[in-house]
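**Student:** below is the sequence, then the predicted model.
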Amino acid sequence: MPPALHSYWKPILQTARAHHHISQTVAARAVRMHLSSSVERRLLSDVPIGAFLSGGIDSSSVVALMSNLMDRPVATFTIGFDNARGFDERPYARLVAKRFHTDHTEFVVKPDAAQLMERLVWHYDQPFGDSSALPTFLLSQLTREHVTVALCGDGGDELFAGYERFAAGTALSYFQMLPQVIRNNVEQAFSLVSRHTSSKRVLGVQRLLAPQKEKIEDAYLSWISSIPIQWRTLLLPDGSDWALEDFRRLWNDTAGASLLDRLLSLNLQTYLLDDLLPKADRMSMAHGLEIRSPFLDDSLVELAFSLPPSAKLRGLSLKRVLKQAVSDLLPAEILYRRKHGFGVPLEHWLRNELRTFLKGRLLDPRSRLRSYLKPEVIDRLVEEHLSSTANHGHALWALLTLEEFLIKEDW
């Protein structure tokens, strides 16, 4: 018989009514204790050790706790972008580095993604559409010049509801209770506004409210997809969709739990497992750097899923219990700043520095991709983005990496 695959461990979700009442203060103390213990365990090393520092709550919390546990300054590493509004987090990282007197190093990313894409695809050995692989690759390269092991903040958003889509998902459950006529008017308004803005929040809400997204899990999938379902069905010659069986199974397996816990579990087993962790592992090991994630300690994961949903999220207040757990460590500018993903200014790059590369790769009649997907839809995506009619940066990056992979396969 062929070997069977089994999960050796996964967090157990409480039913919606099974969460025990626990005060926010007690919950925060437990989170602080578990996180501190997790960081301490990951400091065991016989080689130089440091930390990624973005200036967000997660990495800043890890650095703060490392500073309390180490007898020397923590070596911290940050990456940023010049002239890229909303993407350069170096000022926040500097604030944390100054507060904890770390040995801080910064690196500035230049828009030479075209030259790096071939290397990224080689290291992944598959198409990988997350553009944050690029700064992760460069940050790992910089960090490895100084240390052999680095702690990171991966997992904090997944455990404590740090993404706006979790708040949006819970809000959508209430939105769906409104009369259809009101829902239609709201959807049309966001659709109209989204044509004239590049705001991630507006675009995200518009995708979340798309008329065909009647189920919460489908709305959530649209929110996180690099290529929304309406474009995927247009791109594929047979108009089909794919790769949804596991997604729906994971969602159905959590029936009976609270909506937030279901979304957190789904995110943990898809986005974290299939995107964030492979990205961190392969981009760091490309340089021989070992990454350790204190937030993903099994005891901390189990604690997070045992807490009532309101401890993690209430309204638009994200990561409530984690913020309280580290409130004495971090400055208010870090605790209450708006969430920023670890991304690159794709929208700008593809319209400017990478414009020629984009057109040469995807619009060339000899493009490998045009043999698998509908050329006229590819052309439309490129044209809309370059004319600033819409922002298809993430979709086009995904297509570019797939094209690079197909080129590699022909070598």
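**Tutor:** Thanks, I have the structure now.
**Student:** could you check how far stretch 381-393 is from the centre of its chain?
**Tutor:** 23 Å (Cα atoms, centre = their mean, to the nearest Å).
**Student:** residues contacting it, please?
**Tutor:** By Cβ atoms under 8 Å, 6 or more residues apart in numbering, the surrounding residues in contact with stretch 381-393 are 131, 195, 198, 203, 231, 346-347, 349-351, 355, 358-359, 362-363, 395-396, 399. C-beta here means a position set from N, CA and C on the backbone, and glycine is covered the same way.
**Student:** of these, keep whichever come out buried.
**Tutor:** Among those, those buried by neighbour count (16 or more other Cβ atoms under 10 Å) are 131, 203, 231, 346-347, 349-351, 358, 362, 395-396, 399.
**Student:** so where's this protein uncertain?
**Tutor:** Judged by pLDDT under 70, the chain has its weakly predicted residues at 16-20, 83-87, 111, 113-114, 173-214, 239-242, 340-343, 410-411.
**Student:** on that earlier part again, which one of the buried ones among the contacts of stretch 381-393 is nearest residue 304?
**Tutor:** Closest approach between the buried ones among the contacts of stretch 381-393 and residue 304, by Cβ to Cβ: residue 131, at 27.9 Å.
**Student:** how many residues are close by the closest residue to that closest one other than its chain neighbours?
**Tutor:** Nearest in space to residue 131, with sequence neighbours left out and distances taken as Cβ to Cβ, 6 or more residues apart in numbering, is residue 397 at 4.7 Å. Neighbours of residue 397 under the rule other Cβ atoms under 10 Å: 24.
**Student:** is it true that residue 397 touches residue 133?
**Tutor:** No. Taking contact to mean Cβ atoms under 8 Å, the distance of 9.7 Å between residue 397 and residue 133 leaves them out of contact.
**Student:** and the residue nearest to residue 275 when sequence neighbours are not counted, how many neighbours?
**Tutor:** For residue 275, the nearest residue in space outside its immediate sequence neighbours is residue 130; the separation is 5.4 Å by Cβ to Cβ, 6+ apart. By other Cβ under 10 Å, 23 other residues sit near residue 130.
**Student:** columns secondary structure and distance to residue 283 on top of the buried ones among the contacts of stretch 381-393, output as JSON lines?
**Tutor:** Output for the buried ones among the contacts of stretch 381-393, formatted as JSON lines (DSSP: H, G, I helix; E, B strand; the rest coil; distance: Cβ to Cβ, whole Å):
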{"residue": "131", "secondary structure": "coil", "distance to residue 283": "12"}
{"residue": "203", "secondary structure": "helix", "distance to residue 283": "27"}
{"residue": "231", "secondary structure": "helix", "distance to residue 283": "27"}
{"residue": "346", "secondary structure": "helix", "distance to residue 283": "17"}
{"residue": "347", "secondary structure": "helix", "distance to residue 283": "22"}
{"residue": "349", "secondary structure": "helix", "distance to residue 283": "19"}
{"residue": "350", "secondary structure": "helix", "distance to residue 283": "21"}
{"residue": "351", "secondary structure": "helix", "distance to residue 283": "26"}
{"residue": "358", "secondary structure": "helix", "distance to residue 283": "22"}
{"residue": "362", "secondary structure": "helix", "distance to residue 283": "24"}
{"residue": "395", "secondary structure": "helix", "distance to residue 283": "22"}
{"residue": "396", "secondary structure": "helix", "distance to residue 283": "21"}
{"residue": "399", "secondary structure": "helix", "distance to residue 283": "21"}
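**Student:** need these in a markdown table with distance to residue 63, can you?
**Tutor:** Below are these laid out as a markdown table (distance: Cβ to Cβ, whole Å):
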| residue | distance to residue 63 |
| --- | --- |
| 131 | 25 |
| 203 | 32 |
| 231 | 39 |
| 346 | 28 |
| 347 | 30 |
| 349 | 29 |
| 350 | 33 |
| 351 | 35 |
| 358 | 37 |
| 362 | 40 |
| 395 | 34 |
| 396 | 35 |
| 399 | 37 |
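**Student:** state whether residue 105 is indeed within a helix.
**Tutor:** No. When the secondary structure is assigned by DSSP: H, G, I helix; E, B strand; the rest coil, residue 105 falls in strand instead of a helix.
**Student:** which element is residue 391 on?
**Tutor:** Assessed by DSSP states H and E, residue 391 sits outside every helix and strand.
**Student:** next up, phi/psi of it, please.
**Tutor:** Summarising the backbone geometry of residue 391 under the convention degrees, to the nearest 10, its torsions are phi -110, psi 100.
**Student:** neighbours around it, how many?
**Tutor:** Residue 391: 20 surrounding residues under other Cβ under 10 Å.
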